[in-house]
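S.K.: Show me how the following folds:
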Amino acid sequence: MAKKVSAVLVGCGGMSRRWTNVAKEHPELELVGFVDINEEAAKTRSEEYGDGEYVIGTDLAEVLKQTTPDAVFDCTIPEVHTSVALTAFEHDCHVLSEKPMADSMANAKKALETAQIKDKIYAIIQNRRYDPNIRRLRKFLDAGHLGNLTTVNCDFYIGAHFGGFRDEMEHVLLLDMAIHTFDAARLITGADPVSVYCKEWNPPGSWYDHDASAIAIFEMNNNVVYTYRGSWCSEGLNTTWECDWRIIGDKGSLTWDGSDGFKADIVSETGGFRSACLPAAVPEHDPTDRVGGHEGIIHEFVECVQRGGTPETTGSNNIRSLAMVFGAIDSAEKNLPVGISW
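M.R.: Model prediction:
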């Protein structure tokens with residue numbers, strides 16, 4: 001049996017509870033330390049996790065010296081993700097981090113380069129990739145039912161009354177939420193971004209201080225055009241958190257409601273004004289495929305630490321989704337199309 005993976009959790013706010021709940025159920029993972037700028041928060045999270053002897057502190061480097069773990073679980077705010085990652089790598093630790101990878105492309109590159117130099121795993125909790133329905137969709141597309149993809153469109157409309165910091169946040173939709181959707185678009189298309197034109201605005205009646213709506217058109221590197229329409233201040237007829245999607249190929253089209261609602265039409269005969277199409281079913285989830293949101297990526301991360309390998313959401317892959325976010329913001333600020341690089 002492989003040695004258990006030990007980890008220190010840094011950032012013990014509400015988001016981290018999801019991580020500790022998964023960790024409690026994982027037989028080959030143990031949390032050995034808890035770090036937060038508020039020591040009481042770290043103590044509370046450790047007590048919820050279990051009744052063992054854990055190292056509690058406000059200084060990550062000091063806790064890492066005392067515990068010498070295999071990995072660091074980073075649930076801090078985006079502005080400190082890079083400093084947490086660099087500290088972890090200095091102490092010979094792998095890193096699994098909350099999204100987004102960093103608060104800037106420069107910081108993301110800095111952490112990624114350090115991980116590569118230190119030969120450490122650096123992965124991001126892009127948990128929605130492990131939703132069973134998006135895995136069903138990806139498998140259907142991989143089978144070639146729609147032929148070559150040409151166009152992918154998605155809509156995200158949720159009237160989210162968060163209160164707190166999001167109400168005052170600049171680029172709140174693009175910066176705080178769109179990373180999930182853009183990463184999903186990369187998974188669905190199997191492509192990476194080339195350029196983007198984005199328009200942001202704050203509609204009348206919005207309860208946000210800054211732009212909470214956006215439309216973006218992305219050119220992808222396999223000749224796919226991907227469009228995103230979204231708003232966090234649209235009341236009524238809300239979409240799912242996973243968006244409404246239309247995926248078009250040269251042999252048919254598919255719609256997905258972000259839940260378990262799929263409809264697909266495959267071309268059966270051409271030559272007339274409109275081609276004849278037949279409905280196609282999207283197969284049920286393959287039970288051998290790893291899913292479960294946080295469970296999926298945390299289990300994969302632990303397995304890679306133990307046995308080698310690269311998580312699907314490794315930083316070298318995820319930085320391309322982050323580049324879509326900052327590309328869209330750059331385009332919106334300039335009111336011009338911009339190229340995307342990482």
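S.K.: What's the separation between the residue nearest to residue 244 when sequence neighbours are not counted and residue 134?
M.R.: Ranked by Cβ to Cβ, 6 or more residues apart in numbering and with sequence neighbours excluded, the top spatial neighbour of residue 244 is residue 155, at 4.6 Å. C-betas here are computed from N, CA, C, even on glycine. Between residue 155 and residue 134 the distance is 16 Å, computed by Cβ to Cβ, to the nearest Å.
S.K.: what do you get for residue 217?
M.R.: 22 Å.
S.K.: cool, residue 289 as well?
M.R.: From residue 289 to residue 134 the distance is 11 Å (Cβ to Cβ).
S.K.: who has more neighbours, these two?
M.R.: residue 134 (19 against 13; other Cβ atoms under 10 Å).
S.K.: tell me which element that one falls in.
M.R.: Using DSSP states H and E, residue 134 maps to helix 132-142.
S.K.: Could you check how far that helix is from the centre of its chain?
M.R.: Here the centre of helix 132-142 is set off from its chain's centre by 17 Å, with Cα atoms, centre = their mean, to the nearest Å.
S.K.: Compute the inter-axis angle for whichever helix or strand comes after that helix and helix 132-142.
M.R.: Downstream of helix 132-142, the first helix or strand assigned by DSSP H and E is strand 149-157. With axes from the mean of the first three to the mean of the last three Cα atoms, to 10 degrees applied, the angle from strand 149-157 to helix 132-142 works out at 160 degrees.
S.K.: contacting residues around strand 149-157?
M.R.: Residues outside strand 149-157 that contact it (Cβ atoms under 8 Å, 6 or more residues apart in numbering): 141, 177-178, 181, 184-185, 188-189, 222-231, 234, 237-239, 243-250.
S.K.: what does stretch 332-342 give?
M.R.: 105, 108-109, 171, 174, 193-200, 211, 214, 218, 319-320, 322-324, 327, 330-331.
S.K.: tell me the mean pLDDT for it?
M.R.: Average pLDDT, stretch 332-342: 97.
S.K.: All the strands of the stretch 101-250 of the chain, residue numbers only.
M.R.: Along the stretch 101-250 of the chain, counting by DSSP state E, counting those that start in this stretch, strands occupy 122-125, 149-157, 193-201, 213-220, 225-231, 244-249.
S.K.: Summarise which helices and strands the first one is packed against.
M.R.: Just to be clear, that refers to strand 122-125. strand 94-98, helix 105-118, helix 294-307, helix 315-334 (3 or more Cβ pairs under 8 Å, 6 or more residues apart in numbering; DSSP states H and E).
S.K.: Pull out the buried residues from the longest one.
M.R.: It stands for helix 315-334. 315, 317-332 (16 or more other Cβ atoms under 10 Å).
S.K.: Tell me what the residue nearest to residue 244 is bridged to.
M.R.: residue 229, residue 244 (DSSP bridges).
S.K.: what about it, neighbour count?
M.R.: 17.
S.K.: Could you report the pLDDT at it?
M.R.: At residue 155, pLDDT is 98.
S.K.: what's the distance between the residue nearest to residue 128 when sequence neighbours are not counted and residue 247?
M.R.: Excluding the flanking residues, the one nearest residue 128 by Cβ to Cβ, 6+ apart is residue 180, at 5.1 Å. Distance check for residue 180 against residue 247: by Cβ to Cβ, it reads 17 Å.
S.K.: Those two: who's more crowded?
M.R.: Each of residue 180 and residue 247 has its neighbours counted (other Cβ under 10 Å); residue 247 has more, 25 against 20.
S.K.: so the more buried one touches residue 188, yeah?
M.R.: Yes - the pair residue 247 / residue 188 is scored as a contact, 6.6 Å apart, by Cβ atoms under 8 Å.
S.K.: Mutual contacts of the two, please.
M.R.: Joint contacts of residue 247 and residue 188 (Cβ under 8 Å, 6+ apart) are 137, 141, 152.
S.K.: Quick check on residue 33: phi, psi?
M.R.: phi -160, psi 150 (degrees, to the nearest 10).
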